Structures are given as C-alpha cells and as structure tokens.
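Visitor: Here's a sequence, model it:
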Amino acid sequence: MTNVLLEVCVEDAAGLRAAVDGGADRIELCSALSVGGLTPSPGLMALAGTFDIPVYAIIRPRSGDFVFDAGDIDVMRVEIDTARAAGLAGVVLGASRPNGSLDVATLRTLVGHASGLGLTLHRAFDLVPDFDEAVETAVDLGFERILTSGGAKGV
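Guide: Residues are numbered from 1 along each chain as shown. Modelled structure (predicted):
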C-alpha cells in the first residue's frame, strides 16, 4: 500500500495555520495564487519556518511566463536565500525557454544556489514539448518531485 501524503498550497498566515491544524504533511508556500503563485513575503516565510512540518516556498518573482532574464535570476537567488534563512525545508523552482522546454542553464544555476534545500520542479513542467525528456532533466538536476497538472497548460 502506498503512503499518501497531503501537500497543501497556502498563501497567507490563516491558510498556513489551517493546513497545519488540518493535518497537512507538507506545505507549498506562495503568494498570489490567483496568478499561479509567486514568491511569498519574507515575513510569511519566517512564520512558516516556525512549524514542525516541511515547507517549500515557491520561487517565482513575477507573474506571466517562466522565461527569466538575468535580473529575475538575481531576484530568485535572494528569494532562495530568504527561504533558507527562514529555516524552510525547500524551494519550488521552474524556468522555461521560449519554446516551452526547460531552461537547463537557469535551473542549474538556481539548483546550485539552493544547495542543501529540498527541490520541487513547478508547473513549468506542464509546458514542455517532451515530458519524458523533461523528467530525465529534472532527475539529473536533483529535483525530488514534479508538480504537474498532467500537461494542462492553464493555471
């Protein structure tokens, strides 16, 4: 029999408390779920770090696509540092090339910066043209899990 874990995505302190009280096994911490989730505030990360449950913060500095430029990547590094300083268990990352394939160079940079933290690949995965190749890439980069809608392109 498979052990089922309950992971809950939350965007505020009330949701965090409700997820913990409701028996969540892991939390994905976000802000702005209405746009697919953005990096949570440093204060929310700090609060989440006080709970005895693994919390993974999404690292996504802006809404829209997952094609990031050098400025976005610099912001994401700082956000990873904030998650680490808050004592969170991991981060949720993703980056795409304009054709939808995973941006391996950007992901390698971010994964390297997140060394020591747990890693989840976010729904940028749902945009890839080749799921099998993307799974292999994610494994090679060190991701523990992949969040997916099964290929649905919308949020």
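
Visitor: hey, what's residue 28 bridged with?
Guide: residue 9, residue 56 (DSSP bridges).

Visitor: what's near enough to touch it?
Guide: 7-10, 37, 55-58, 92, 120, 147 (Cβ atoms under 8 Å, 6 or more residues apart in numbering). From N, CA and C alone the C-beta is placed, and that goes for glycine too.

Visitor: Lowest pLDDT pick from those residues?
Guide: Lowest pLDDT within the contacts of residue 28 is found at residue 147 (87).

Visitor: And for it, the neighbour number?
Guide: Look at residue 147: counted by other Cβ atoms under 10 Å, it has 20 neighbours.

Visitor: who touches it in this structure?
Guide: Per Cβ under 8 Å, 6+ apart, neighbours of residue 147: 28, 92, 120-123, 125.

Visitor: From the contact counts, what lies against the lengthiest helix in the chain?
Guide: If you go by DSSP state H, the chain has its longest helix at helix 70-85. Identification of packing neighbours for helix 70-85 by 3 or more Cβ pairs under 8 Å, 6 or more residues apart in numbering; DSSP states H and E yields helix 42-48, strand 55-58, strand 90-93, helix 104-113.

Visitor: winner for burial among those?
Guide: strand 55-58 (a mean of 28; mean count of other Cβ atoms under 10 Å).

Visitor: same for that one, what does it pack against?
Guide: Strand 55-58 packs on strand 26-29, helix 42-48, helix 70-85, strand 90-93, going by 3+ Cβ pairs under 8 Å, 6+ apart.

Visitor: okay if I get these as JSON lines plus distance to residue 131?
Guide: What follows is those, written out as JSON lines (distance: least, Cβ to Cβ, whole Å):
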{"stretch": "strand 26-29", "distance to residue 131": "21"}
{"stretch": "helix 42-48", "distance to residue 131": "31"}
{"stretch": "helix 70-85", "distance to residue 131": "24"}
{"stretch": "strand 90-93", "distance to residue 131": "18"}
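
Visitor: Flag the shaky bits of this protein, pLDDT-wise.
Guide: By pLDDT under 70, the low-scoring segments of the chain are 1, 151-155.
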